[in-house]
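1. 3D, please:
(2 chains)
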Amino acid sequence: IAGITQAPTSQILAAGRRMTLRCTQDMRHNAMYWYRQDLGLGLRLIHYSNTAGTTGKGEVPDGYSVSRANTDDFPLTLASAVPSQTSVYFCASSDRGWGEQFFGPGTRLTVL
Amino acid sequence: KNEVEQSPQNLTAQEGEFITINCSYSVGISALHWLQQHPGGGIVSLFMLSSGKKKHGRLIATINIQEKHSSLHITASHPRDSAVYICAVENYGGSQGNLIFGKGTKLSVKP
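-> All right, here's what the predicted structure looks like:
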């Protein structure tokens, strides 16, 4: 792979179910991010990680958790999905905390 | 009031026209980013700048730190430039890498 990948591409999920969105990058970037994009609201940061082993909360972290066990992977988990979490989710990475960010192709999630 | 405001929200142009998209922000920043989101949804970073001007091909980005304003210019526009252009700022003193995004400008270039 080259760059940053996300899986699944899209998913329809029943409310209350647990879901993990996967994100993998092969650029050896230190920093990784999860955003959600909603119509009329733009992109908003959910969680971030400056380096493997550390994570931080963004603007809209409630209902989401992340882990960063290694440099390449940054999964986002919805412990108990709710309809308001219907959105397009983008993962991104950057070489350093304040660098150009590279975005994955996105995951379209629908919670019914 | 949003911390990052873009104008216009929507823009339709004829092929070949010179295009300007504006971004104003209200916070102190360490850098400003311009992103392009294609109709298929993919997001690409165009520029990251903290002063002056940068140019890539037909795209030019400028920033005026004192006026808290940035512009993205497209010269000799083409239908393939049709996309949403997003301005984002890194809040100085904020969480590392935490970008604040504008809501985007949807550009449509007609042949």
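2. show me where the chain has helices.
-> Just going to use chain A. Here chain A has no helices by DSSP state H.
3. show me what from it comes close to chain B.
-> When proximity is defined as CB under 8 Å from any CB of the partner chain, chain A approaches chain B at A:31, A:33, A:40-45, A:48, A:50, A:56, A:58-59, A:88, A:90, A:92, A:94, A:97-103, A:105-106. The way it works is simple: take the backbone N, C-alpha and C, and place the C-beta from them, glycine included.
4. what about those residues, which are in strands?
-> Among the residues of chain A next to chain B, the ones falling in strands (DSSP state E) are A:31, A:33, A:42-45, A:48, A:56, A:88, A:90, A:92, A:94, A:102-103.
5. among the residues of chain A next to chain B, name the buried ones.
-> A:31, A:33, A:42-45, A:48, A:50, A:56, A:58-59, A:88, A:90, A:92, A:94, A:97-103, A:105-106 (16 or more other CB atoms under 10 Å in any protein chain shown).
6. so where's chain A shaky on pLDDT?
-> For chain A, the stretches flagged by pLDDT under 70 are A:1, A:97-98.
7. distance-wise, check the residue sitting nearest the centre point of it relative to residue A:110.
-> Nearest residue to the geometric centre of chain A (CA atoms, centre = their mean): residue A:34, 3.1 Å. Applying CB to CB, to the nearest Å, the value for residue A:34 to residue A:110 is 18 Å.
8. got a list of contacts for the lowest-mean-pLDDT helix or strand in chain B?
-> Every helix and strand of chain B was ranked by mean pLDDT, DSSP states H and E. The lowest is strand B:99-101, at a mean of 89. Outside strand B:99-101, the residues that touch it by CB atoms under 8 Å, 6 or more residues apart in numbering or on different chains are A:42-45, A:101, B:3-4, B:25, B:27, B:33, B:86-91.
9. immediately after it, which helix or strand?
-> strand B:105-110 (DSSP states H and E).
10. report the strands that pair with that following strand, each with its relative direction.
-> When pairing is defined by DSSP bridges, strand B:105-110 lines up against strand B:10-14 (parallel), strand B:83-91 (antiparallel).
11. so what pairs up with the residue nearest to the centre of chain A in the strands?
-> When assigned by DSSP bridges, residue A:34 has beta-bridge partners residue A:47, residue A:91.
12. ditto for residue B:71
-> Under the criterion used here (DSSP bridges), residue B:71 is bridged to residue B:22, residue B:62.
13. surely it is in contact with residue B:22?
-> Yes: at 5.5 Å, residue B:71 counts as touching residue B:22 under the criterion of CB atoms under 8 Å.
14. who are the contact partners of residue A:76?
-> So residue A:76 contacts A:20, A:21, A:23, A:34, A:46, A:47, A:64, A:65, A:66, A:89, A:91 (CB under 8 Å, 6+ apart).
15. then residue B:46?
-> Here residue B:46 is in contact with B:33, B:34, B:35, B:36, B:56, B:59, B:61, B:72, B:85 (criterion: CB under 8 Å, 6+ apart).
16. what does residue A:52 give?
-> The neighbours of residue A:52, taking CB under 8 Å, 6+ apart as the test, are A:30, A:68, A:69, A:70, A:71.
17. now those residues as TSV including distance to residue B:14?
-> As requested, these are exported to TSV (distance: CB to CB, whole Å):
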residue	distance to residue B:14
A:30	44
A:68	47
A:69	52
A:70	50
A:71	47
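18. from those, which single one is nearest residue B:17?
-> Minimum distance to residue B:17 across these is 40.7 Å, recorded for residue A:30 (CB to CB).
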